[in-house]
Structures are given as C-alpha cells and as structure tokens.
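Asks: Below are the sequence and a predicted model for it; my questions follow.
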Amino acid sequence: MKKDNQLEELLRIPVHMKLHYRFPAGTHYTRFFREMKDSGKIMGVKCTQCGRVLVPPRPVCGECFVKTGDWVPVGPKGTVKAYTSIYIKFIDGSTGKPRPSPYGSGLIQLDGAFSTINHILEEGDPEKLYIGMRVEAVLKEKREGNIGDILFFKTIT
Amino acid sequence: MNLRVGIIGVSQTKYETNKSYQAITDTVFEVVQEAMADAGVSREDVDSIVTSSVDLWDGRTASNQMLTDVVGAIMKSESRVAGDGLGATFQGMMTILCGASDLTLVVSQCRGSMGDPYGISNWVFDPIFQQPLGLDYLSAAALQANHYMKRFEITQEDCARVVVKNLNDAQNNPQAQVAKETTTDDVMHSPMWAYPIKEMDAAPVSDGACAIVLASQKKAKALSKNPVWILGAGCCVEAHYLGDRDLTEGEALAKASKKAYEMAGIHDPVKELDLAEVSAEFSYQELLWTELMGFCGRGNGIKFLEQGMTSAEGALPVNPSGGMIAGNPVTVAGLTRLVEAVLQVRGKAEARQVQNAKMALAHGTTGCCGQGQYVMIVGN
C-alpha cells in the first residue's frame, strides 16, 4: 500500500524517441523487391558451394563463407514449418492499427528454397493449423517493393 | 597465459560520404576477407570474433546480429562492443591473453549516411536533463573547445592549423574522404556551426569498416614473418555527466596513455614513438589530446604543432593519414587509427609512410568529449 502511494508521488517522465533511417538494401534486397514488385516473382539465391537456395537472398552464404551465385525463382507455394496463433492485439507496422486476432503466424518454406521466411497465415485457428500444411503466397495487386507486397499465405489443398 | 598479442592482418575500406552502392554485409565481408588474406588465414583458423557497432547508428537493436554471416561467426564465439573499434580490439586482445582464443578477428563498421548524425548523438545524453535541450556531440564539443581555448589562450586560427595539416597530409592517403590543399583562411571562412567550431573544424561523417586479425604470440610467430606486436595498452573512462567533469582536463586519457607507456617501456613518448594516430573529431581535440598524452606540456599543443613536431616529417608525426578530419566512420575511427599504425610500422603506408617507423601509438575514444579513452602502442 505504501509502495503504491510512493509510485503516485514520484515522477515518471515521458520520453519519445523518433529517429529516421535509410537502410541500404544493397544489390540483393533491391533485386528481390524489384522482381516481386514488377513481375510478382519471389526470388532466392543459390550458394555456389553448398547449393542451398537462400531466401531472403543475400550476398554471402554464412555457412560456407562464400559469395552466393545464381538467382532462382521460389514458391509461390510452400510448406508451413512452424506456426502459432496470435491472440494479443499486435500493432501492424504497415498500418499502425491492431491486426484482427487471432491470426496465424508462421515460418514458411517456399518450394525450391532451403531457408524459411516469416509471414502471416490466412488460417488463424490453432486447431486447423499443422506443420506440413500447404500454403501459397497472396500478393498485393499494387505492389510497392517491400515485404508487405505479400499480403499473407492462403491455405491450399 | 599468452605473453604477447600480435596483429597479423589488417584491412580498411575507403571512407566515403555514402556507400549505399553496397549493403553493409557486402562492405564487411570485403574487409573481413581482406584482413584474413593479409594474415594468410581462413575462417576455419579463427577461434573467436569481436565486433564493434552501435545500435542507434545501425537503426536496429543488437545490430551485430546482421553481421554474423559475413564475419564468419556461425558456430564460433562472437561478442560485440557497443562502442569504438579500438575498444573492441581491447576485448579481442583479452580473449587471447586469457587463453580462450589463439586467433581473434576484430571487425568494426558504421554507416554514418543511414541516419541523422546529430539526432543520433542527441540520444547519447541523459534523456531527462540534457537530451531535451538538444545537446549533441557537436554542441558538447563546442563547450569543451571554448573552455580549453579560453583557458590556454588558443585562437580559432590555431585550431585551423590542425585542419590545414590534416587535410594536406590526407592527400597522401587513398582511403581519405576529404583531402585537399587547405589554408587557415579556408577554415576561418567556413560556416560557423557551434562557436568556436566551424564546418571545417569538424570531421565529416563517413561510411566505412575495418577488420584486423589478432594472434597469440605462438600463433603470430608461426603464421607471420613480421607480426606487429601490441607492446602497450591502456584504457580509462571519465564520468559520463559533463557537469561532473572539468572539460579542459582529461585524466582518463592521461592515465590510459601512462599505462600504455609503462607497459611498452616508454619514458619519453616524443623521443621513443615514431608516430601517433589520434582520434580527434574536432580540430581542438588534436591539440588537447596530444597534451594529455604527454607529447608536450598543458596548453602547449599549438606550440608543438607550430614547431612542426607533429607534421609528417616532424619529431612525432600526428595523424599522417589525415586523421578523423579526413574521414570519420564514427564508431570505427579508433580501429582505423590502429590499422594506420600497423601499416606504418610494417613500412607499408605508401605515400604517407613515416621514415623508419618502428613504434606507433593508436588512440581511440568513445562517448562525448573524450569520456572513454583507449591507447595502444604497436611495434615490431
């Protein structure tokens, strides 16, 4: 009780941090987003040594410590490798508003890719979600060249 | 316990206003590969990695995570120093001295072009008493500059001479971002930013990266014909709060350099050191730091410079590379100084080579107005 009173008496000073950045996307992220925007293709990049197809594409394969090589299209179909259902109101970074919940969130291995990507799943019911579930990327019609160009992954059979 | 630590590989990028033609990972992979090639080692030989970067500059938290792949850290030990690259070198040196690692890679990177430098440095300060008043590295340094200059009767023209020396010498450094024939008039006529600091008194903000390979004594001797040894090292930190410090003093730097000299067996730095690479973000700091490192008496930094002692052909050349005035990859700068010092004692500093350089000092600083200070002595 005494503690609560003390808390009310002591100041808690609001601090707002507002900083803006321009993240240098480099050749790989730039091509990934351009291809998705212009042709609706999701691209990965193949390691010249281990042959794994990495998504998102990147200049270096961390396992082999060598520069990556050829570009290959992956997906748009893929397999759910891990999933959860989100029940708390989470602010959607792209709209600034809470996303309707529950919604599915998963790690999806696009067909042809080694690595998985994080994205939203159309199916939000944990009873209906399962590992190994087949899904397909649904892209925005008017794409802007960012990760939001994939709206979500819909369930396919 | 290992006796000495050798530096067997070094690499640095060119310092530029904007490296957005490359991803950060591209830049870092390049310097890491170059430093490993310079050392004649491969990723398999490296036991541990120490990186240096600062979240607020990188625009994300724990920002070393984006470097894991390109510093070859997967399935190895990696730790990160959120501060100057020379500070990371201290941590790298300790991993070897304590016997935990025989070969340690130290990597530092910064992209000054990503954000707003003054907005970012504003967040270095106390969010209750200082940050809301708009204090940043420039305005804090201006307080220090003015106090120092008033105390020792140093003029703005005196400080301009530091800029002239550095920008002229930087013409010998192919990695420099700013390098040109400069006069004190040019500096005096540049726009006033925060009295008495003018545009040309301040280092630019740069993009760049450095990597070095550290090795235990045994490994360095086995791998390298002419390793450069860390002969002395000292670090010391002052109070963070500006209001608790006399900004014209700098006991941290005096202590850090004294410790480094003692370890290296140096009694008279001017006679025994062949050059010094000093992290001075503003012109006045080069004068102040040289005094605090005992190159000359207090208040005599400008006399020391005017006598030509710190010029490229002087008794103790200071910043033959042009120093930070010629290029300032903010949190990398101390590691840049070390790379320059190593190149000098190897005799591989090309047009900026100091004749017969055998022992060199590298200085790094972190925090504002020289709060944290690092001094390292390297030699053959």
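Replies: Received the coordinates, thanks.
Asks: ok, so what distance separates residue A:106 from chain B?
Replies: Remark: distance between residue A:106 and chain B (C-beta to the nearest C-beta, to the nearest Å) = 22 Å. From N, CA and C alone the C-beta is placed, and that goes for glycine too.
Asks: check which helix or strand covers that residue.
Replies: Secondary structure assignment for residue A:106, by DSSP states H and E: strand A:103-110.
Asks: elements contacting the very next helix or strand once past that strand?
Replies: Beyond strand A:103-110 in the direction of the C-terminus, DSSP H and E gives the next helix or strand as strand A:117-121. Strand A:117-121 makes packing contacts with strand A:103-110, strand A:150-155 when contacts are defined by 3 or more C-beta pairs under 8 Å, 6 or more residues apart in numbering or on different chains; DSSP states H and E.
Asks: mind checking pLDDT for the residue of chain B at minimum distance from chain A?
Replies: With C-beta to the nearest C-beta, the shortest gap between chain B and chain A falls at residue B:23, namely 2.4 Å. Looking at residue B:23, its pLDDT stands at 96.
Asks: same thing with residue B:166?
Replies: Listed pLDDT for residue B:166 reads 98.
Asks: what's the answer for residue A:3, then?
Replies: Among the per-residue scores, residue A:3 shows a pLDDT of 62.
Asks: before we move on, what about residue A:6?
Replies: Looking at residue A:6, its pLDDT reads 62.
Asks: Touching the strand holding residue A:106 from outside, list them.
Replies: Applying C-beta atoms under 8 Å, 6 or more residues apart in numbering or on different chains, the external contacts of strand A:103-110 come out as A:42, A:44, A:55, A:74-86, A:115-125, A:129, A:135, A:137, A:153.
Asks: partners of that strand in the sheet?
Replies: Take DSSP bridges as the rule and strand A:103-110 pairs in its sheet with strand A:77-86 (antiparallel), strand A:117-121 (antiparallel).
Asks: How far does that strand sit from its chain's centre?
Replies: Between the centre of strand A:103-110 and the centre of its chain there are 8 Å (C-alpha atoms, centre = their mean, to the nearest Å).
Asks: just the strands in the chain please.
Replies: Went with chain A since none was named. For chain A, the strands defined by DSSP state E occupy A:42-47, A:53-54, A:60-61, A:66-74, A:77-86, A:103-110, A:117-121, A:134-139, A:150-155.
Asks: switch to chain B, that's the one I care about
Replies: Remark: strands assigned in chain B by DSSP E are B:5-12, B:48-52, B:77-81, B:103-111, B:192-194, B:197-198, B:207-216, B:228-237, B:275-277, B:359-366, B:372-379.
Asks: mind giving me a markdown table with those strands and columns for mean neighbour count, mean pLDDT and distance to residue B:333?
Replies: Listed next are those as a markdown table, based on neighbours: other C-beta atoms under 10 Å in any protein chain shown; pLDDT from 0 to 100; distance: least, C-beta to C-beta, whole Å:
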| stretch | mean neighbour count | mean pLDDT | distance to residue B:333 |
| --- | --- | --- | --- |
| strand B:5-12 | 25 | 98 | 11 |
| strand B:48-52 | 27 | 97 | 10 |
| strand B:77-81 | 18 | 94 | 14 |
| strand B:103-111 | 29 | 97 | 8 |
| strand B:192-194 | 16 | 97 | 19 |
| strand B:197-198 | 22 | 98 | 17 |
| strand B:207-216 | 28 | 98 | 9 |
| strand B:228-237 | 21 | 97 | 15 |
| strand B:275-277 | 29 | 98 | 10 |
| strand B:359-366 | 29 | 98 | 7 |
| strand B:372-379 | 27 | 98 | 11 |
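Asks: could I get the ones you listed as CSV with distance to residue B:261?
Replies: As requested, the strands of chain B are exported to CSV (distance: least, C-beta to C-beta, whole Å):
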stretch, distance to residue B:261
strand B:5-12, 18
strand B:48-52, 25
strand B:77-81, 24
strand B:103-111, 23
strand B:192-194, 34
strand B:197-198, 30
strand B:207-216, 21
strand B:228-237, 6
strand B:275-277, 12
strand B:359-366, 9
strand B:372-379, 7
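Asks: How about the contacts made by the residue nearest to residue A:68 when sequence neighbours are not counted?
Replies: Using C-beta to C-beta, 6 or more residues apart in numbering or on different chains and skipping the chain neighbours, the partner closest in space to residue A:68 is residue A:45 (4.5 Å). Taking C-beta under 8 Å, 6+ apart, we find residue A:45 in contact with A:28, A:53-55, A:57-58, A:68-72.
Asks: Of the residues you listed, keep whichever come out buried.
Replies: For those, a burial check counting by 16 or more other C-beta atoms under 10 Å in any protein chain shown picks out A:28, A:53-55, A:57-58, A:68, A:71.
Asks: any chance of those in JSON lines, plus pLDDT and distance to residue B:89?
Replies: Shown next, in JSON lines, are these (pLDDT from 0 to 100; distance: C-beta to C-beta, whole Å):
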{"residue": "A:28", "pLDDT": "97", "distance to residue B:89": "30"}
{"residue": "A:53", "pLDDT": "98", "distance to residue B:89": "38"}
{"residue": "A:54", "pLDDT": "98", "distance to residue B:89": "32"}
{"residue": "A:55", "pLDDT": "97", "distance to residue B:89": "36"}
{"residue": "A:57", "pLDDT": "97", "distance to residue B:89": "33"}
{"residue": "A:58", "pLDDT": "96", "distance to residue B:89": "28"}
{"residue": "A:68", "pLDDT": "97", "distance to residue B:89": "30"}
{"residue": "A:71", "pLDDT": "98", "distance to residue B:89": "38"}
